[in-house]
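Asks: structure, please.
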Amino acid sequence: MGVLRVVQIVSRVLVAHPVWSRPAPSVSYRSFSAKPLAGESTALVYTTHGEPSQVIKLGTLQLPSLGDKSVLVKMLAAPINPSDINMIQGTYAILPDLPAVGGNEGVGQVIEVGSKVKTVKVGNWVIPRDAGLGTWQTLVVLSADDLVTLPSDIPLLSAATLGVNPCTALRMLSDFEELKPGDTVIQNAANSGVGQAVIQIAAAKGVHTINVVRDRPDLSQLTDRLKVMGATHVIKEETLRRPEMKELFKFYPRPKLALNGVGGKSATELLRHLQSGGTMVTYGGMAKQPITVPVSALIFKDVKVRGFWVTQWKRNHGHNDKALCSMLDELCTLIRAGKLSPPACTEVSIKDFHKALDNAMKPYISTKQVLVM
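Replies: Purely as a prediction, here's the structure:
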């Protein structure tokens, strides 16, 4: 595969309007195989939407000059999340102008700051405040306002995977129902990044979790791993429709909260097990199927059906740094206490991105692919 060099590209965050409404920068390509020069970044770039294995190319970006309010960041590690895949495929809610750099999450270290930057310092660990900044690259110039600092005393993989899944889990556990120790939460996609964070955060709060996973060859090992994290019960999708669920609720209260990352029949079954007045929150739709809400659940149980998107939450609280920092501080406290670990990760060099992308799209892969720079 030829390696591409991308020139004349302007950092998307150094303009005031949102990334998805910005005029597309002009680019040109030529073969390139020599050692990257200073002021250049190795990046995973796509120029058209499609399957990631076909449209993502390893390229070299010409970095813009450092402005008074901008920051030069060396990316350290960046995961591959479902939202990254959807964005490349062109199916996500927000899409950057093309050409674009992949990746919405990751951690980097500040290596240079502009003369008017006060919020971050050289040496700080930073993560993106918003989606669409393009984290799959070795160096990037960003606006200081688009970065949030993290303490460097937490593990690198925890920092790299902190901004999306743990934040989603904490907000869903905090914002929709008043959960108390002894309460129950039921969730599907329990082995996902969000699901694993839900298990651990709920356990730290004394909340029981019923965790639904698809049947698979390594189900026993997966069940053991989730229980070590703090899962109260791990069950297969098929079990949701069986009489043993009634036996389960003899020992634990019916769930106040259901968390749906799948959609389709799985979501409908979660709804059936909610207690009266409970809430189901949808944050993903891996089955790509609509949710059917039983009329009886609405009339006789008065269940509430809600949605959550962590990107929107961050934008809604963009004027309130205290809310974002408080959330990150709570998560970092759990990490330091050994109560919140990152999902099992496979670290892959950015140069071996094809391998990482292929693994990220395989079914029943329980490890998150993380690009290391």
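
Asks: where does pLDDT dip in the chain?
Replies: Counting by pLDDT under 70, the low-confidence segments of the chain come to 1-38.

Asks: show me what counts as buried in the biggest strand by length in it.
Replies: Taking DSSP state E as the criterion, the chain has its longest strand at strand 70-79. When burial is assessed from 16 or more other Cβ atoms under 10 Å, strand 70-79 yields the following buried residues: 70-73, 75-79. Where you see a C-beta, it was placed from the backbone N, CA and C, and this is true even at glycine.

Asks: now stretch 303-321
Replies: Result for stretch 303-321 [16+ other Cβ under 10 Å]: buried residues 303, 305, 308-311, 313-314.

Asks: turn these into a markdown table, columns for distance to residue 65.
Replies: Output for the buried residues of stretch 303-321, formatted as a markdown table (distance: Cβ to Cβ, whole Å):
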| residue | distance to residue 65 |
| --- | --- |
| 303 | 55 |
| 305 | 49 |
| 308 | 39 |
| 309 | 34 |
| 310 | 33 |
| 311 | 29 |
| 313 | 34 |
| 314 | 28 |
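
Asks: next step: those residues restricted to strands.
Replies: In this view, these that belong to strands under DSSP E are residue 305.

Asks: of all the buried residues of stretch 303-321, which comes closest to residue 265?
Replies: Proximity of these to residue 265 (Cβ to Cβ) peaks at residue 305, which lies at 15.4 Å.

Asks: and that closest one, what does it touch?
Replies: Each residue near residue 305 by Cβ atoms under 8 Å, 6 or more residues apart in numbering is listed here: 271, 279-280, 282, 291, 293.

Asks: what does residue 209 give?
Replies: By Cβ under 8 Å, 6+ apart, residue 209 lies in contact with 184-187, 190, 198-199, 202-203, 230-233.

Asks: next, give me the two most distant ones among the contacts of residue 305.
Replies: Maximum pairwise distance in these, criterion Cβ to Cβ, is 13.7 Å, between 279 and 291.

Asks: from the contacts of residue 209, list the buried ones, please.
Replies: Neighbour counting by 16+ other Cβ under 10 Å classes 184-187, 190, 198-199, 202-203, 230-233 among the contacts of residue 209 as buried.

Asks: secondary structure added to the residues you listed, as JSON lines?
Replies: Converted to JSON lines, those look like this (DSSP: H, G, I helix; E, B strand; the rest coil):
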{"residue": "184", "secondary structure": "strand"}
{"residue": "185", "secondary structure": "strand"}
{"residue": "186", "secondary structure": "strand"}
{"residue": "187", "secondary structure": "strand"}
{"residue": "190", "secondary structure": "coil"}
{"residue": "198", "secondary structure": "helix"}
{"residue": "199", "secondary structure": "helix"}
{"residue": "202", "secondary structure": "helix"}
{"residue": "203", "secondary structure": "helix"}
{"residue": "230", "secondary structure": "coil"}
{"residue": "231", "secondary structure": "coil"}
{"residue": "232", "secondary structure": "coil"}
{"residue": "233", "secondary structure": "strand"}
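
Asks: residue ranges for the helices of the stretch 201-350 of the chain, please.
Replies: Assigned helices in the stretch 201-350 of the chain, in chain order: 219-229, 244-248, 264-273, 295-299, 310-316, 321-336 (criterion: DSSP state H, counting those that start in this stretch).

Asks: among the ones you listed, which comes closest to residue 96?
Replies: Minimum separation from residue 96 across the helices of the stretch 201-350 of the chain (Cβ to Cβ) falls at helix 310-316, 13.0 Å.

Asks: give me the distance between the closest one and the centre of its chain.
Replies: Between the centre of helix 310-316 and the centre of its chain there are 13 Å (Cα atoms, centre = their mean, to the nearest Å).

Asks: who are the packing partners of it?
Replies: Packing contacts for helix 310-316, counted by 3 or more Cβ pairs under 8 Å, 6 or more residues apart in numbering; DSSP states H and E, involve helix 165-175.

Asks: report the buried residues of the helix it packs on.
Replies: 165-173.

Asks: one step back: which residues touch the helix or strand just after the longest strand of the chain?
Replies: Scanning forward in sequence from strand 70-79 by DSSP states H and E, the next helix or strand is helix 82-89. Helix 82-89 is contacted from outside by 46, 49-52, 55-56, 92, 94-96, 102-105, 131-132, 164, 284, 286, 360-361, using Cβ under 8 Å, 6+ apart.

Asks: between helix 82-89 and strand 70-79, how big is the angle?
Replies: 110 degrees (axes from the mean of the first three to the mean of the last three Cα atoms, to 10 degrees).

Asks: using PDB, list the CA coordinates for helix 82-89.
Replies: Extracted in PDB, the C-alpha atoms of helix 82-89 (Å, rounded to 0.1, in the frame of the first residue of the first chain):
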ATOM      1  CA  PRO A  82     -17.800   2.400  17.200                       C
ATOM      2  CA  SER A  83     -18.500   6.100  16.700                       C
ATOM      3  CA  ASP A  84     -15.100   6.500  14.900                       C
ATOM      4  CA  ILE A  85     -16.100   3.700  12.500                       C
ATOM      5  CA  ASN A  86     -19.600   5.200  11.900                       C
ATOM      6  CA  MET A  87     -18.000   8.600  11.200                       C
ATOM      7  CA  ILE A  88     -15.700   7.100   8.600                       C
ATOM      8  CA  GLN A  89     -18.600   5.200   7.000                       C
END
